[in-house]
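Chemist: I'll drop the sequence and a predicted model, then ask my questions.
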Amino acid sequence: MAVENEKSRLDDAARAGWLYFIAGHTQDEIAKMLQVSRASAQRLVSLCLAERLITFRLEHPIAACMELAAQLKERFDLSYCEVVPADPAAPQATAGIAERCANLLDATLRSETPVIVALGTGRAVRAAVERVTPIDRPNHQIVSLVGNISADGSASFYDTVGRLADRTGARHYPMPLPFLMSSEDERNKMVRIEPIAKVKAVAAKADLRLVGIGQMDQKAQVHVDGFVTRDELFEMMRQGAIGEITGWAYDSKGRVLKAGTNKRLTSIPPEVPAKTTTIGAAVGAAKVPAIAAALNGGLINGLITDEATARAILER
């Protein structure tokens with residue numbers, strides 16, 4: 001009975017959302033149509049949004065954003081760049097870039113020709129995957145670039161490969177390894193195991209790599225999410241680490257470090273320079289040095305960011 005009531009409630013919310021956002025009716029009109037109070041109609045519309053029963057995509061390009069994207073493409077010789085409007089009330093919010101990442105994934109996955117999509121981790125990438133339109137593409141392949149098991153044995157909440165496979169019916173290849181091994185020798189042995197070597201071989205043929213970009217400071221996501229300890233983080237900072245992509249730490253010139261946690265990291269290394277279409281997705285003032293370094297070092301050849309971050313990169 002509870003399940004039926006929940007389904008009925010979501011049906012009502014979806015109907016109210018359609019009437020409000022698609023058909024253009026007022027909440028007073030919806031209340032009369034659904035024979036509920038105006039307050040109930042308002043709650044149903046809010047529920048529709050909260051449960052993501054209806055989603056929106058901005059189709060009209062904004063001139064200022066287009067100009068910033070053009071400048072970034074020219075300066076860093078990028079093959080792809082999108083700049084979305086900034087949210088002054090939430091400068092760290094990833095919703096805008098997640099929507100554009102989802103649009104990119106949708107366009108890639110619509111292909112009838114088999115494609116391989118390689119994914120990093122992170123909040124923006126995870127949010128993008130949640131926005132991908134479900135589609136049946138069993139001939140596509142989704143592969144992880146990152147070992148997604150932390151030191152305590154738990155899997156990362158921000159793992160994306162399985163979720164995208166659920167939405168597409170594609171074959172998927174997770175990286176079933178700890179993010180870090182205990183030693184460089186152990187790492188070298190593990191990545192040569194046949195199943196892991198097969199995952200790496202699939203990733204090497206990817207048509208698209210979509211990755212997050214993290215800063216390396218006390219709020220570094222690899223530390224917040226429990227993949228590296230405080231001491232490991234500080235050691236990488238002393239080595240000059242300013243950013244990380246799929247865990248691989250690099251310096252202010254975009255050079256991947258040959259020290260610290262990089263020696264024990266199981267993630268698939270970035271191409272240097274990137275040859276596969278490799279899109280970095282990141283926003284926020286704290287990430288500007290890391291994004292700029294990745295661009296200068298050729299670790300990415302595409303970028304999705306917001307206008308405030310884009311301006312800060314161009315002003316460096």
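Modeler: Cool, the structure landed. The shown structure was predicted, so the numbers you read here are calculated from the model rather than taken from an experiment. Numbers count the residues shown, from 1 in each chain.

Chemist: can we go C-alpha only for contacts and neighbour counts from here?
Modeler: Fine.

Chemist: in this protein, which spans are strands?
Modeler: Under the criterion DSSP state E, strands of the chain are mapped to 80-84, 116-119, 141-149, 171-178, 208-212, 214-215, 243-245, 248-250, 277-281, 302-306.

Chemist: pull up the pairing partners for the second one, direction included.
Modeler: Partner strands and pairing direction for strand 116-119 (DSSP bridges) are strand 141-149 (parallel), strand 208-212 (parallel).

Chemist: so of those, which one's packed in deepest?
Modeler: Stretch with highest mean neighbour count among the strands paired with strand 116-119: strand 141-149 (a mean of 26; mean count of other Cα atoms under 10 Å).

Chemist: now do that strand against strand 171-178, angle only.
Modeler: With axes from the mean of the first three to the mean of the last three Cα atoms, to 10 degrees defining the directions, strand 141-149 sits at 20 degrees from strand 171-178.

Chemist: quick check: mean pLDDT of strand 141-149?
Modeler: Confidence for strand 141-149, expressed as mean pLDDT, is 90.

Chemist: and the residue positioned nearest the centre of the chain, what pLDDT?
Modeler: Nearest residue to the geometric centre of the chain (Cα atoms, centre = their mean): V125, 1.1 Å. As predicted, V125 sits at a pLDDT of 93.

Chemist: report the contact partners of R255.
Modeler: Going by Cα atoms under 8 Å, 6 or more residues apart in numbering, R255 touches G297.

Chemist: so what's Y20 closest to, chain neighbours aside?
Modeler: Using Cα to Cα, 6 or more residues apart in numbering and skipping residues adjacent in sequence, the residue nearest Y20 is T26, 6.3 Å away.

Chemist: quick check: that neighbour vs W18, distance?
Modeler: T26 sits 11 Å away from W18, going by Cα to Cα, to the nearest Å.

Chemist: which one's more surrounded, these two?
Modeler: Between T26 and W18, counted using other Cα atoms under 10 Å, W18 has the larger neighbour count: 18 against 14.

Chemist: give me the neighbour count for the residue lying closest to the more buried one once chain neighbours are set aside.
Modeler: Nearest residue to W18, sequence neighbours excluded (Cα to Cα, 6+ apart): I54, at 7.8 Å. I54 is flanked by 15 other residues according to other Cα under 10 Å.

Chemist: does I54 touch C48 like I think?
Modeler: Yes - judged on Cα atoms under 8 Å, I54 makes contact with C48 at a distance of 6.5 Å.

Chemist: which neighbours do these two share?
Modeler: Common contacts of I54 and C48 (Cα under 8 Å, 6+ apart): 14, 17.

Chemist: which pLDDT does the model give T229?
Modeler: For T229, the predicted pLDDT is 93.

Chemist: excluding chain neighbours, what is closest to it?
Modeler: H223 (6.1 Å).

Chemist: ok, the one you found - how many residues close by?
Modeler: Here the number of neighbours of H223 (other Cα under 10 Å) works out to 17.

Chemist: and the residue nearest to W18, what does it touch?
Modeler: I54 neighbours (Cα under 8 Å, 6+ apart): 14, 17-18, 48.

Chemist: by neighbours, which of these wins?
Modeler: Of all these, the highest neighbour tally under other Cα under 10 Å goes to G17, namely 26 neighbours.

Chemist: surely the residue nearest to the centre of the chain and R100 touch.
Modeler: No - under the criterion of Cα under 8 Å, V125 is not in contact with R100, lying 10.5 Å apart.

Chemist: what's the end-to-end length of stretch 130-141?
Modeler: Stretch 130-141 has its terminal residues 17 Å apart, counting by Cα to Cα.

Chemist: over to stretch 298-308?
Modeler: Stretch 298-308 has an end-to-end distance of 22 Å (criterion: Cα to Cα).

Chemist: and the contacts of it?
Modeler: Under the criterion Cα under 8 Å, 6+ apart, residues 65, 68, 76-86, 96-97, 100-101, 254, 270-275, 277-284, 294-295 lie in contact with stretch 298-308.

Chemist: where does the chain have low pLDDT?
Modeler: Scanning the chain for pLDDT under 70 picks out the ranges 1-7, 57-61, 150-151, 155-158.

Chemist: all helices of the stretch 151-300 of the chain, in order?
Modeler: For the stretch 151-300 of the chain, the helices defined by DSSP state H, counting those that start in this stretch occupy 161-168, 184-190, 194-204, 221-224, 230-238, 288-296.

Chemist: just send these back as JSON lines, with distance to A118 too.
Modeler: Formatted as JSON lines, those follow (distance: least, Cα to Cα, whole Å):
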{"stretch": "helix 161-168", "distance to A118": "8"}
{"stretch": "helix 184-190", "distance to A118": "20"}
{"stretch": "helix 194-204", "distance to A118": "6"}
{"stretch": "helix 221-224", "distance to A118": "19"}
{"stretch": "helix 230-238", "distance to A118": "26"}
{"stretch": "helix 288-296", "distance to A118": "18"}
